[in-house]
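S.K.: Sequence and predicted structure below; questions after.
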Amino acid sequence: MNDTLLLETRGNVLVMTINRPQARNAMDFETATAIAAALDELDSRDDLSIAVLTGAGGSFCSGMDLKGFLAGKRPSIPGRGFGGMTERPPRKVLIAAVEGYALAGGFELVLACDMVVASREAKFGLPEVKRGLAAAAGGLIRLPRRVPYHVAMEYALTGEMLPAERAYELGLVNRLTDAGGALDSALQLATVVGGNGPLAIAASKRVVAESGDWSREEMFVRQKPLLDPVFASADAREGAAAFAEKRKPAWSGK
């Protein structure tokens, strides 16, 4: 990994910190490549259940690095998208911990995450229209699935900033914190989630993420192959045994 993405493992949580504070963590090709590699590591390691994505220096991500763009290096990975993740998020759970600005591609990174913790001073936005562009890294697709239609239209078409407290009211943000507290709160949330069965977490995420366009007739049929392996797993038996024996489960991920 290069030094524009800092990685730290805390128990079964992988903390990924975009480390370009001099550019408000604007995304460049090298950082996008590092994020894609880190998410591959997350999904491949049995000892990791969840990741937290955040930014250094009081800002999350201000979007695409324009200097890199002008040099012909777009921060998108084929098949993975902007920042190495907007088109193909990880199989495991990803939480955004947002301080400061999450704008343009930075907001699209947030929208690709499964949960969001933000400082009350954080601001989100898709300002591309102000530059004659459009939010092509998932913002126009995901935002109306996260907030009401007319609200999504307002922020997609005006390019104005969405304050964190308003985002919380809309259900886009799970938890609000004081300034500087987003990462600690996200880690607390990750600890709760990560204490559960890893197979159950991954399968539950997949059903929630994919079932939005399933028809009523097919939804249980499509859910079955995703959840049956969870019920047949050693972890399912361990969870039942731990409950009966009044002890903490020892998950194996099998």
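M.R.: Thanks, I have it.
S.K.: Count residues in the vicinity of the closest residue to R146 other than its chain neighbours, would you?
M.R.: Nearest non-adjacent residue to R146, counting by CB to CB, 6 or more residues apart in numbering: L172, 5.2 Å away. C-beta here means a position set from N, CA and C on the backbone, and glycine is covered the same way. A count of neighbours around L172, defined by other CB atoms under 10 Å, yields 20.
S.K.: Would you mark the buried spots in the worst-scoring helix or strand of the chain on mean pLDDT?
M.R.: Ranking every helix and strand in the chain by mean pLDDT, DSSP states H and E puts helix 66-70 at the bottom, with a mean of 76. Buried residues in helix 66-70, counted by 16 or more other CB atoms under 10 Å: G68.
S.K.: from the chain's centre, how far out does that helix sit?
M.R.: On the basis of CA atoms, centre = their mean, to the nearest Å, helix 66-70 is displaced by 25 Å from the centre of the chain it belongs to.
S.K.: what's the answer for stretch 236-247, then?
M.R.: 30 Å.
S.K.: Could you number the chain from 53 rather than 1 from now on?
M.R.: Sure thing, new numbering starts at 53, so read that last one as stretch 288-299.
S.K.: In that stretch, which residues are buried?
M.R.: Within stretch 288-299, the residues that count as buried by 16+ other CB under 10 Å are E290, G291.
S.K.: which intervals of this structure have sub-threshold pLDDT?
M.R.: Low-confidence segments of the chain (pLDDT under 70): 53-54.
S.K.: if we can go back for a sec, name the next helix or strand downstream of the least confident helix or strand of the chain, please.
M.R.: strand 128-129 (DSSP states H and E).
S.K.: Now tell me what touches that next one from outside.
M.R.: A84, T85, A88, F134, G135, G136, A189 (CB atoms under 8 Å, 6 or more residues apart in numbering).
S.K.: And stretch 271-283, by the same measure?
M.R.: So stretch 271-283 is in contact with G249, L251, A252, A255, R258, V259, E262, S263, W266, A288, going by CB under 8 Å, 6+ apart.
S.K.: Now for Q74: which residues touch it?
M.R.: Per CB under 8 Å, 6+ apart, neighbours of Q74: G109.
S.K.: where's it relative to S111, distance?
M.R.: Distance of Q74 to S111, computed by CB to CB, to the nearest Å: 11 Å.
S.K.: and what of G158?
M.R.: Distance check for G158 against S111: by CB to CB, it reads 8 Å.
S.K.: Next: A103.
M.R.: 19 Å.
S.K.: Equivalent analysis for V203, please.
M.R.: For V203, the distance to S111 - CB to CB - is 24 Å.
S.K.: Compute the number of surrounding residues for E82.
M.R.: Around E82 there are 18 other residues, counting by other CB under 10 Å.
S.K.: Secondary structure element holding it?
M.R.: Here E82 is covered by helix 81-96, with elements defined by DSSP H and E.
S.K.: and the helix or strand following that helix, which strands flank it?
M.R.: Next helix or strand after helix 81-96 toward the C-terminus (DSSP H and E): strand 102-107. Using DSSP bridges, the strands paired with strand 102-107 are strand 65-70 (parallel), strand 145-150 (parallel).
S.K.: what residues does the last one touch?
M.R.: Going back to what we said before, that points to strand 145-150. The contact list for strand 145-150, computed with CB under 8 Å, 6+ apart, reads 91, 101-107, 112, 137, 154, 161-162, 164-171, 174, 176, 216, 225, 234-235, 237-239, 241-242, 245, 253-254, 257.
S.K.: Over to the first one?
M.R.: Contact with strand 65-70 is made by 56-61, 77, 79, 83, 87, 90, 93-94, 100-108, 112-113, 235, 239, 242-243, 246, as judged by CB under 8 Å, 6+ apart.
S.K.: Just give me the closest of the contacts of strand 128-129 to G124.
M.R.: Among these, A84 lies closest to G124 (CB to CB), at 14.3 Å.
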